[in-house]
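Chemist: Next come a sequence and a model predicted from it.
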Amino acid sequence: MQQLAIFGGTFDPIHRGHLLIAEKALDQLPLDQIIWVPSLNPPHKQAAAFEHRVQMLQLATKENPAFTVSLVESSRSGTSYAINTLIDLSTIYPNARWYWIVGLDTFQTLPRWYRGHELAQMCDWLIAPRQLGNDQVQSDIICQQVEQQLRQQSLTIHWQFLNIPLVGVSSSLIRKLCCESKSIKHLVPESVKFYITTHKLYSEKPE
């Protein structure tokens, strides 16, 4: 049975923090593959074109054979829900144990996701810390609260923290620096930096 992890997100753009999370997940768990899933139309966000975000993902991940970029969301119309992503990927990879890589702040909202209670039991959750100022004790409390909410409905969830140093980089910071014509060197892979510059992404006059 394959051990597969889903890493979903807007990736607008992918940066070294994303790559560090994925690499640490590979180090800390017996994963065969991490499947990067860029969202087609992220809710409540105006993102760069899907094609640009996919290209940057492919550039950033191509040198690691354990990384795969999935376009599973590209053919889906309407709102894209996480449970649909997992169901579709389960069809492509029928004999797999599933993990889902998610940030602490996002994991906290899991009980409110569309069919979130169902999804919670379909995979193991790998939780990446965020730059929220939460210490480990507070982070544990947040996750235990999620677990308790689900337990009240007789649901079981398996989760664990990834041991990742906090990195002061975010996609929004990179977009801001690009808009201000400031350097993003060391924040993204060189290939992604070149792509952003070539296509004038996140500048005041985008392509």
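Modeler: Structure's in. What do you need? Residues are numbered from 1 along each chain as shown.

Chemist: I196 should be in a helix, yeah?
Modeler: Yes - under DSSP: H, G, I helix; E, B strand; the rest coil, I196 sits within a helix.

Chemist: Who are the contact partners of it?
Modeler: Contacts for I196 (CB atoms under 8 Å, 6 or more residues apart in numbering) come out as P13, M56, C178, I184, V188, Y202. C-beta: built from backbone N, CA, C; applies to glycine.

Chemist: Packing partners of the least confident helix or strand in the chain by mean pLDDT?
Modeler: Lowest on mean pLDDT, DSSP states H and E among the helices and strands of the chain sits helix 136-151, with a mean of 89. Where contact means 3 or more CB pairs under 8 Å, 6 or more residues apart in numbering; DSSP states H and E, helix 136-151 is packed against helix 104-107, strand 159-161.

Chemist: hey, least reliable of these by pLDDT?
Modeler: Comparing mean pLDDT over the helices and strands packed on helix 136-151, the weakest stretch is helix 104-107, at a mean of 91.

Chemist: How far away from the center of its chain is that helix?
Modeler: Remark: helix 104-107 is offset 11 Å from the chain centroid, using CA atoms, centre = their mean, to the nearest Å.

Chemist: Please identify the buried residues of that helix?
Modeler: Neighbour counts using 16 or more other CB atoms under 10 Å place L104, T106, F107 of helix 104-107 among the buried residues.

Chemist: Over to stretch 45-55?
Modeler: Of the residues in stretch 45-55, those buried by neighbour count under the rule 16+ other CB under 10 Å are A47, A48, F50, H52, R53, V54, Q55.

Chemist: One more: stretch 18-34?
Modeler: Those would be H18, L19, L20, I21, A22, E23, K24, A25, L26, L31, Q33, I34, for stretch 18-34 by 16+ other CB under 10 Å.

Chemist: Then stretch 74-81?
Modeler: Of all the residues in stretch 74-81, those buried under the rule 16+ other CB under 10 Å are S80, Y81.

Chemist: now that stretch: mean pLDDT?
Modeler: Mean pLDDT, stretch 74-81: 78.

Chemist: Show residues contacting that stretch.
Modeler: S39, L40, N41, P43, F50, V54, E73, N84, D88, W113, Y114, R115.

Chemist: Mind pulling up the pLDDT for the fourth one?
Modeler: The pLDDT attached to P43 in the predicted structure is 64.
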